[in-house]
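[1] heads up, no residue letters with this:
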Ligand code: SAM
């Protein structure tokens, strides 16, 4: 996806891009490729593909959710900053926590945030099931792309949310997503959570499937959740 295509496809989902945002994305791309030359962050380094599969794919969630307000956002398993850093570039009012258990990735993110001059962003090197201990019920939004299946993300993510907050899960195939939703049918009432929106669409250019699922937390989460990661994996909430 060339830059002009990127701009045009963003217009189609009602996202305007300014010169400042384009220049931040360019710096992001350059630093991603530079860091990736010695430390593996992503297998995608071709510029057109990074703009498509990382930058556009990350911002595509803005067609399903209004990020323009002052919201406190947690990106679980953000990796090299997707979608969290891209959302922050386009929606600077967000207060963002980038969480990843991989130290090499969080080191990259700390440098990146400084290089881009982004404010109100905290990078945390930890596992979600540990970081939750001091951070229950404290975020407006928890978002995650390509980290785990929906049942796992529900159990890890919902306890972080304030009552009324939203968990946003970014997935690929709608068939897999539907299967995962079916498997998490019983998880939702246990976590006092409802599915409020599901949207499938095609990623431009390569026409691969994408699905965005949004859940709403309706009540305080029982303190026994999340269970240990081992238990979450072995015995999904059913
Ligand atoms: N979200 C990024 C993206 O879409 O490019 C990265 C996806 S990568 C496949 C999954 C990331 O999640 C890895 O960087 C891994 O370290 C992190 N991760 C997996 N489980 C985690 C957990 N329980 N807590 C924190 N980070 C986790």
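    Happy to help now that I have it. These numbers come from a predicted model, not from an experiment. Numbers count the residues shown, from 1 in each chain.
[2] what residues does the chain have near the ligand?
    Residues of the chain found near the ligand (Cβ under 6 Å from any ligand atom) are 76-79, 82, 99-102, 105, 127-129, 145-147. Placement of C-beta: from N, CA and C, glycine included.
[3] now flag whichever of those residues is closest to residue 200.
    If you rank those by distance to residue 200 using Cβ to Cβ, residue 145 comes first, at 15.0 Å.
[4] what sits against the nearest residue to the closest one once chain neighbours are set aside?
    Closest residue to residue 145 apart from its sequence neighbours, by Cβ to Cβ, 6 or more residues apart in numbering: residue 170 at 3.9 Å. Residues in contact with residue 170 (Cβ atoms under 8 Å, 6 or more residues apart in numbering) are 57, 61, 83, 143-146, 210-212.
[5] I'd assumed residue 170 was in a strand, is it?
    Yes - applying DSSP: H, G, I helix; E, B strand; the rest coil, one finds residue 170 inside a strand.
[6] quick one: contacts of the helix or strand of the chain with the lowest mean pLDDT?
    In the chain, no helix or strand scores lower on mean pLDDT, DSSP states H and E than helix 174-183, which sits at a mean of 88. Residues from elsewhere that reach helix 174-183, judged by Cβ under 8 Å, 6+ apart: 149-151, 171, 195, 198, 200, 209, 211, 213, 236, 238.
[7] next SSE after the longest helix along the chain?
    Longest helix of the chain, by residue count under DSSP state H: helix 19-36. Counting by DSSP states H and E, the next helix or strand C-terminal to helix 19-36 is helix 47-49.
[8] buried set for that next one?
    Using 16 or more other Cβ atoms under 10 Å as the test for burial, helix 47-49 gives residue 49.
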